[in-house]
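Asker: A structural model of the following input is requested.
(chains A and B)
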Amino acid sequence: MKRDQKDIVNSQGSLSVSDESIARLLCDDSHVEEAMRLIMKKYGEQLYWHIRRMVVAHDDAEDCLQETMINVYKYRSTYSNEYPLSSWLYKIATNESLKLLKNKAGFTMSVDDLGDSLKDSVREEASPDADETLILLQEAIALLPAKQKMVFNLRYYDDKSYEEIHQIVGDSVNTLKTNYHYAVQKIKDYILEHQL
Amino acid sequence: MKDFDLESLSREMPYRMPEHFMDNMTERVMSQIGKERKQHRERRIVALFASAASVAAVALLFLHPFGGGLDIPDYDSISQCASVDDLFQNMTADELGMYSMMSNYYGN
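Answerer: Numbering: from 1, shown residues only, chains lettered A, B, ... in the order given. Coordinates of the predicted model:
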């Protein structure tokens, strides 16, 4: 692979390939498999946790991540350089998470009605030595409406700017700020109410 | 009213990711992509053959519109040929000799 000026060697000595280089490889049919491996290496874990925060159960996150990566491969020609590669990947992962939740909700319920069952899964999925406040935080997040949950997770855990969240979720920055504000308020109330 | 500082919380998750999960996932994804690529190649070959067959069919139609240009003998003339053959087979030696003489005489 031809090394780009933006590709850097990190402190462990391994090559950190720039998104521009990965995007170029992704659009080149003879290098697409290399691009997919680089995406998995660079973004796989971030995407897994983003999905896991949405769907809670590991098995669901596993299915979602696999579908996400297959869709990245299938729809690679639709990627536009106007947006960062990471935003495009997060967008696909978010859509896959919502699709899985919609399937779980079925025809009679909406995704937002899944809050209680997702909250119950948090405790089942938590590791035995997990901090109680962190479990409460995840329970509070599970109870949020899907849009507020997405915005909160992307801002709080992934440190995304509102502009980046706009690229992923699609709503205006003001709407996103409002969603984040409500999410924080609901989470604080839940933790204060349930904390020992 | 009591307040709670979210920023003071650790960003750690209370869940664990199984060991070697990402490596296994990468291999699964790559194997799935390999299958997709193979299917895509097969679909392209089928599409290529289908378009070649379409071009051949159109070319045939253009060269022989509605089959009018083909010299296929009709059923009646084939039956007539068969009946003439029968006639020759049933002729006696004298009749054949006479036919041969008459043919030579009329130049046929």
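Asker: Residue B:14 - that's part of a helix, no?
Answerer: No - read with DSSP: H, G, I helix; E, B strand; the rest coil, residue B:14 is coil and lies in no helix.
Asker: Using the three-state scheme, assign residue 62.
Answerer: No chain in the question, so chain A it is. Under three-state DSSP, residue A:62 falls in the helix class.
Asker: List the contacts of the closest residue to it other than its chain neighbours.
Answerer: Excluding the flanking residues, the one nearest residue A:62 by C-beta to C-beta, 6 or more residues apart in numbering or on different chains is residue B:25, at 7.1 Å. All C-beta atoms are positioned from the backbone trio N, CA, C, and that covers glycine. Counting by C-beta atoms under 8 Å, 6 or more residues apart in numbering or on different chains, residue B:25 touches A:40, A:44, A:48, A:62, A:65, A:66, A:69.
Asker: so can I have TSV of the residues you listed showing distance to residue B:52 and secondary structure?
Answerer: Shown next, in TSV, are the contacts of residue B:25 (distance: C-beta to C-beta, whole Å; DSSP: H, G, I helix; E, B strand; the rest coil):
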residue	distance to residue B:52	secondary structure
A:40	39	helix
A:44	42	helix
A:48	46	helix
A:62	43	helix
A:65	41	helix
A:66	37	helix
A:69	35	helix
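Asker: tell me the two of those residues that are most distant?
Answerer: A:40 and A:62 (13.4 Å; C-beta to C-beta).
Asker: Show me what from chain B comes close to chain A.
Answerer: Contact residues (C-beta under 8 Å from any C-beta of the partner chain) of chain B with chain A: B:2-4, B:6, B:9-18, B:21-22, B:25-26, B:28-30, B:32-34, B:36.
Asker: now do 7 Å
Answerer: Applying C-beta under 7 Å from any C-beta of the partner chain, one finds that chain B approaches chain A through B:2, B:4, B:6, B:9-17, B:22, B:25-26, B:28-30, B:32-33, B:36.
Asker: who's in contact with residue A:96?
Answerer: Applying C-beta atoms under 7 Å, 6 or more residues apart in numbering or on different chains to residue A:96 gives the contacts A:64, A:67, A:68, A:71.
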